[in-house]
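Student: pasting the sequence and the predicted coordinates here, then a few questions.
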Amino acid sequence: MTTATPITIKINQPEPPPADDHRFMFNIDQYLVDRLIAYHHRHHFTCAVETGTYKGHTTVGLAKLFPKVFTIELNPEFHRDVQPRLARYPNITSLLGHSPDQLRNVIDQFSYPLFAYLDAHWHENWPLRDELQILLTIRKPKLIMIHDFQVPGRPFGFDAYKNNPCNLDYLGDILPHDECKYAFNHRTSPHSANRGVLFIEHLLP
Ligand SMILES: C[S@@+](CC[C@H](N)C(=O)[O-])C[C@H]1O[C@@H](n2cnc3c(N)ncnc32)[C@H](O)[C@@H]1O
């Protein structure tokens, strides 16, 4: 009599993600990851939204930190190509479209306190002001982090569109200063992309 060798058949079960799948989060800036974790200890975020998915480097890091993550990408190829990576994380909802449109579509599914990471750029239409205006109308506590921001007095990289540097002059008129607490990054991690960041704590009762 022969003994059958037990075999395991897996159907449509993604492999577990590598433990270091999040290592490119925030352009490999561990200092920013640590800052976010410190904010998380203070606010206990239950949900995150990212604009600009690209390859999902930050999306997977957010999925390891927070129970629910939404990410929005305009480029159909980027959106398609990242699906296998994101499929390993059941708490990620990946959306294709222009970020302000998709923010309006999913706003009812957010929970609070919310962490919002605004990183959608590279195309003709820069959605940052529209994204901010949508998020700031939500009368719930949130932390908004804007990547590629011009930090006064620091040699960090930042973006500019149509001669508008990404800075407080560009956004100041839409920010409710009396409801917000602002902070920049004051250093970057070695080997990171050395980019500036603005944190906006929109602290509402
Ligand atoms: C710097 S990359 C994002 C990087 C990603 N957040 C990360 O941390 O790895 C910018 C992305 O924003 C996307 N994007 C540009 N405009 C957009 C828009 N209006 N809505 C959504 N995504 C947009 C680009 O296609 C690109 O994939």
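Tutor: Nice, I can see it.

Student: next one: stretch 32-45, is it in contact with the ligand?
Tutor: No: counting by CB under 6 Å from any ligand atom, the ligand is not contacted by stretch 32-45; separation bottoms out at 10.1 Å. Every C-beta, even on glycine, is put in place using the N, C-alpha and C of the backbone.

Student: tell me which residues in that stretch are buried?
Tutor: 32-33, 35-36, 39-40, 43, 45 (16 or more other CB atoms under 10 Å).

Student: what would the residues you listed look like in TSV with pLDDT and secondary structure?
Tutor: Formatted as TSV, the buried residues of stretch 32-45 follow (pLDDT from 0 to 100; DSSP: H, G, I helix; E, B strand; the rest coil):
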residue	pLDDT	secondary structure
L32	97	helix
V33	97	helix
R35	97	helix
L36	98	helix
Y39	98	helix
H40	98	helix
H43	96	helix
F45	98	coil
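
Student: just name the closest of those residues to the ligand, please.
Tutor: Relative to the ligand, the closest of the buried residues of stretch 32-45 is L32; by CB to the nearest ligand atom it sits at 10.1 Å.

Student: correct me if wrong: the closest one contacts H186.
Tutor: No: between L32 and H186 there is no contact under CB atoms under 8 Å: 11.3 Å.

Student: flag every residue of this structure that's near the ligand.
Tutor: By CB under 6 Å from any ligand atom, the residues of the chain that approach the ligand are 50-52, 54-55, 57-58, 72-75, 78, 98-99, 119-123, 125, 127.

Student: in strands only, show me those.
Tutor: Among the residues of the chain next to the ligand, the residues falling in strands (DSSP state E) are 50-51, 72-73.

Student: which single one of those residues is nearest to N105?
Tutor: Using CB to CB, I72 comes nearest to N105 of these, at 9.3 Å.

Student: my read: the closest one touches G97, true?
Tutor: Yes: contact criterion CB under 8 Å: I72 and G97 qualify, at 6.5 Å.

Student: and those two? which has more neighbours close in?
Tutor: Set side by side, I72 and G97 show more neighbours around I72, with 26 against 14, by other CB atoms under 10 Å.

Student: ok, the more buried one - contacts?
Tutor: Neighbouring residues of I72 by CB atoms under 8 Å, 6 or more residues apart in numbering: 49-53, 95-97, 99, 102-103, 120.

Student: nearest to the ligand within this structure, name that residue for me.
Tutor: Of all residues in the chain, the one sitting closest to the ligand is G52 (2.7 Å; CB to the nearest ligand atom).
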